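Asks: when you get a sec, could you give me coordinates for this:
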Amino acid sequence: PAAIAGSDGVPKLWLSGKSDPLRPTSKDKLDGTKKDPKYLSCLNDCVPRCQKDASKDRSDCFDECQDECCFTYQQCTAARVRL
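Replies: Numbers count the residues shown, from 1 in each chain. Modelled structure (predicted):
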């Protein structure tokens, strides 16, 4: 599970499959989901930057960027399909 800093500066650790009580999501809106435009935009900016700076594999950069860009349980635990 990924950890992100909360408003109090202490990292939050996602421990269960329960929805985030601090940031509830709605099926009608994309906010907080894996398809959230802010989340996808952050990944689109971060992955190429990571690959350029460190010459890392795309999958390694995706894992690092997912930790940087996620704000909800659903985003932080999104499984990436490997082809």
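
Asks: which strand or helix spans residue 68?
Replies: Element membership for residue 68 (DSSP states H and E) is helix 58-69.

Asks: before we move on, what about residue 31?
Replies: Applying DSSP H and E as the criterion places residue 31 outside every helix and strand.

Asks: find the nearest non-adjacent residue to residue 37, please.
Replies: Using Cβ to Cβ, 6 or more residues apart in numbering and skipping the chain neighbours, the partner closest in space to residue 37 is residue 30 (6.6 Å). Where C-beta positions appear, they are placed from N, C-alpha and C, glycine not excepted.

Asks: for residue 53, see how far away that neighbour is.
Replies: With the distance defined as Cβ to Cβ, to the nearest Å, residue 30 ends up 29 Å from residue 53.

Asks: so which of the two has more stuff around it?
Replies: A direct count of neighbours by other Cβ atoms under 10 Å for residue 30 and residue 53 places residue 30 higher, at 15 against 9.

Asks: could you double-check that the residue nearest to residue 37 lies in contact with residue 36?
Replies: Yes - counting by Cβ atoms under 8 Å, residue 36 is a contact partner of residue 30 at 5.1 Å.

Asks: circling back: let me know the average pLDDT across the helix holding residue 68.
Replies: Averaged across helix 58-69, pLDDT comes to 88.

Asks: give the buried residues for that helix.
Replies: Across helix 58-69, burial judged by 16 or more other Cβ atoms under 10 Å covers 61, 62, 65, 66, 69.
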